[in-house]
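Asks: quick one, fold the following:
(chains A and B)
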Amino acid sequence: MSILIGAESRIMIQGITGRRGHFHALQMLKAGNQIVGGTSPGKGGDWCHESRLPIFDTVRDCVDATNADVSVIFVPPHSTADAILEAIDSGVRTIISITGSIPLQDMMIVKSALKNSDSLLVGPNSPGVLVPGIANAGIFPNDIAIQGNVGVISRSGTLCYEIVDTLKHASIGVSTAIGIGDDPIIGIDYLTCLEFFEADPHTDQIVLIGGPGGDSEMRAASFIMENVTKPVIAYIVGESLSTSVLRPFFSRSGSLSLDTLGKKTGALRDSGVRIAGKLSDIPVMIKR
Amino acid sequence: MGVEHSMKLQEYKAKSILKDAGIPLPVSTLATNAVQVKRIAAEIGYPVVLKAQTLEPGRGRAGGVRIVQNEYEIENISNQIFKLVLNQHPIQFILVEKAFTFSKEYYFAVISDLDAGCPVLRLSEAGGATYLEPESFKNARCVDQPVDINVGLKDFQIRRLITQLGIDPSLWKQLQLIAHRTYDVYRQYDATLVEINSLVVTQQNQLFALDTRISVDGQSLFRQERLYDSFDPSYFGWDERQALKYDVDYHSFPGEIGCIVNGMGLAYLTIDQLIGLNMMPAAMIDIHGGATSTSIASSLEMLLSNARVKVIIINIFGGMTRCDEAADGLLQALGGGFPKKPIFIRLEGTNDDSGLDLLHKNENLTFFGTTDALVNAAVSWLRGEEQ
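Replies: Below you'll find the model as predicted:
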């Protein structure tokens, strides 16, 4: 049915009493997930008033009491690495960090800890994982997608919404949509998701959304060439800048890396991936 | 998307940090005028190197780095440097440094490998300007050593770099010390890069860090209070300063269309669409996920008061950003009245129904269901206006 999460997932929320954690716990409940509880240090033993979810002081307490195997993190950036490490230490299998802008070296500590564990990290700066009609672990707007056989992977959260919404308007359904996150250092990358989708019997084709910065799309291209038999459609946002007079304005700001601009579509095309010129072209490229 | 919040420190600041960490550097002092430069040079002893302090690229080409042999020419050269303006940034400081003669130069750095998610030590034979020249760099030996941040840098890892490059054993001890201290600076200051280029061997067989560069992680500044005075607010334009205040990203362009989006992905999508229609934005404001009504209101005010902006696009697909809050912010900025400029809105996602209900109270706004339709409409309006 899906990858990373499914109907049987038992989802907890770290930072469940915060403004965002609380709001999205309610949204996720509306989506029909099994939300089993959450943490808010110092408020353990209490219950969330609106959602009637139990609150625990630590992730271990929550896991012991509820068998949670997925955790969605909403704590502030300066304590996010600690929250992820706590989830790893408590044996949570799938950890999803909605919070982004994590200090770089904090993420290096997390990456090192992940290597010695069985946990998978989605994010940081991820919209979460969506299995339409089944589970919504994150901040995907509800009713944004319908069930189907297209797997979606995107670095950008907003573009992940944009594509599943565009597909929905064309009556095309999604098996699982994953926002892998847009921080400089992230947990699972395109490769892991492609591998899962390749193995998932309910996914027949894959849509990959990329963008400027880093070279993860280049590595995805070589991985697809070697390991993926299912058809892949890709859209790399921002490629128009490669030939545009606007390019220097982005380079000058110094905050955007455009080194690989223009190279990614080429590499993906060489790997047999079909390239969409516009995001809104994707529905007509999908095999019905 | 692909945003790297890395901030380069001024050279003098980087050098004072490394000096405090115990890394051998040439004697240097900062000066603000030619008289000071002359006095400092006399104390240090000629020859000296005068280095314009700037974060802009092209300092060397512009004549911002000069070797001065004697006191007769120093004031003249200093004044020339103080008159330089690089990318609209005038030179305010000169670093006066003892000039060095050396027999060999290396490149040494602690860099951040974002894909592997770990620090990497890099040592190369191609020191100095050679490191930046692709051809000579290709022929030079360059070795990398990843470090597990939870284990820390170990002696054997430095030895591996040293022996791979065949560095003379008489330098090992000094290099070990420099490597450890550089790595410590990288960790203590939340750096993304600490670079010594070049690391030179003097005729007395001493290692010296001749030029250094430190970039720090913008996401870690909250715990790096000692760096707060290193960032010069005059470095940003008015709009960028406003943007910093309201925690939004502001990119300025030469066009006439002002855009507000919630995320770099949507920003690039909007730009792709505009470029496809041969149009340019005037400004792109990214309010990020989960923005408050205040930051949205201030963003709209910035666009309304920017004379170059003729038409405004608001493209929000809310996940963490709640559409009702976004709508509230837009109404705050508009009041109930007629907007000074046409505003085209696409508002979708979390709480979009209540957000749109709010906005429908102002009858002067136009709404669209997709990015394509939104951008097309704004561009058509602008073209109609131009005819």
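
Asks: CA only for contacts and neighbour counts going forward, please
Replies: OK.

Asks: spell out which residues of the stretch 1-150 of chain A are next to chain B.
Replies: Those residues of the stretch 1-150 of chain A that sit near chain B, judged by C-alpha under 8 Å from any C-alpha of the partner chain, are A:20, A:101-105, A:107-109, A:111-113, A:127, A:139-142, A:144.

Asks: restricted to helices, list those.
Replies: A:20, A:104-105, A:107-109, A:111-113 (DSSP state H).

Asks: give me the most central residue, chain A.
Replies: A:Gly179 (2.5 Å; C-alpha atoms, centre = their mean).

Asks: count of residues packed around the closest residue to A:Ala81 other than its chain neighbours?
Replies: Excluding the flanking residues, the one nearest A:Ala81 by C-alpha to C-alpha, 6 or more residues apart in numbering or on different chains is A:Asp106, at 5.8 Å. Using other C-alpha atoms under 10 Å in any protein chain shown, A:Asp106 has 20 neighbouring residues.

Asks: identify the residues contacting A:Ile84.
Replies: Residues near A:Ile84 by C-alpha atoms under 8 Å, 6 or more residues apart in numbering or on different chains: A:73, A:95, A:97, A:110.

Asks: that one - that's part of a helix, no?
Replies: Yes - checked against DSSP: H, G, I helix; E, B strand; the rest coil, A:Ile84 lies within a helix.

Asks: so who does residue 194 touch?
Replies: Defaulting to chain A. Contacts for A:Leu194 (C-alpha under 8 Å, 6+ apart) come out as A:224, A:228.

Asks: I was thinking of chain B, sorry if that wasn't clear
Replies: Residues in contact with B:Val194 (C-alpha under 8 Å, 6+ apart) are B:109-111, B:182-183, B:185-186, B:212-215.

Asks: try it again at 10 Å.
Replies: Applying C-alpha atoms under 10 Å, 6 or more residues apart in numbering or on different chains to B:Val194 gives the contacts B:14, B:18, B:108-112, B:121, B:182-183, B:185-187, B:212-216.

Asks: name the nearest residue to it, ignoring sequence neighbours.
Replies: Nearest residue to B:Val194, sequence neighbours excluded (C-alpha to C-alpha, 6+ apart): B:Ile214, at 4.6 Å.

Asks: for A:Lys168, same thing?
Replies: A:Ala145 (5.5 Å).

Asks: pLDDT at that neighbour, what is it?
Replies: A:Ala145 carries a pLDDT value of 96.

Asks: for the contacts of A:Ile84, give me a markdown table that also has neighbour count and distance to B:Val48.
Replies: Shown next, in a markdown table, are those (neighbours: other C-alpha atoms under 10 Å in any protein chain shown; distance: C-alpha to C-alpha, whole Å):
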| residue | neighbour count | distance to B:Val48 |
| --- | --- | --- |
| A:Ile73 | 28 | 55 |
| A:Ile95 | 30 | 56 |
| A:Ser97 | 31 | 52 |
| A:Val110 | 26 | 46 |
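
Asks: now intersect the residues you listed with the strands, please.
Replies: Judged by DSSP state E, the contacts of A:Ile84 include A:73, A:95, A:97 as members of strands.

Asks: closest to B:Leu95 out of those?
Replies: A:Ser97 (44.2 Å; C-alpha to C-alpha).

Asks: quick one: contacts for that closest one?
Replies: Taking C-alpha under 10 Å, 6+ apart, one finds A:14, A:71-75, A:77, A:80-81, A:83-84, A:121-128, A:138, A:180-181, A:186-187 in contact with A:Ser97.

Asks: and the residues you listed, which of them are buried?
Replies: Among the contacts of A:Ser97, those classed as buried by 16 or more other C-alpha atoms under 10 Å in any protein chain shown are A:14, A:71-75, A:77, A:80-81, A:83-84, A:121-128, A:138, A:180-181, A:186-187.

Asks: mind naming the longest strand for chain A?
Replies: Across chain A, the strand with the greatest residue count (assigned by DSSP E) is strand A:147-154.

Asks: B:Gln188 reaches B:Arg226, doesn't it?
Replies: No - counting by C-alpha atoms under 10 Å, B:Arg226 is not a contact partner of B:Gln188; they are 11.0 Å apart.
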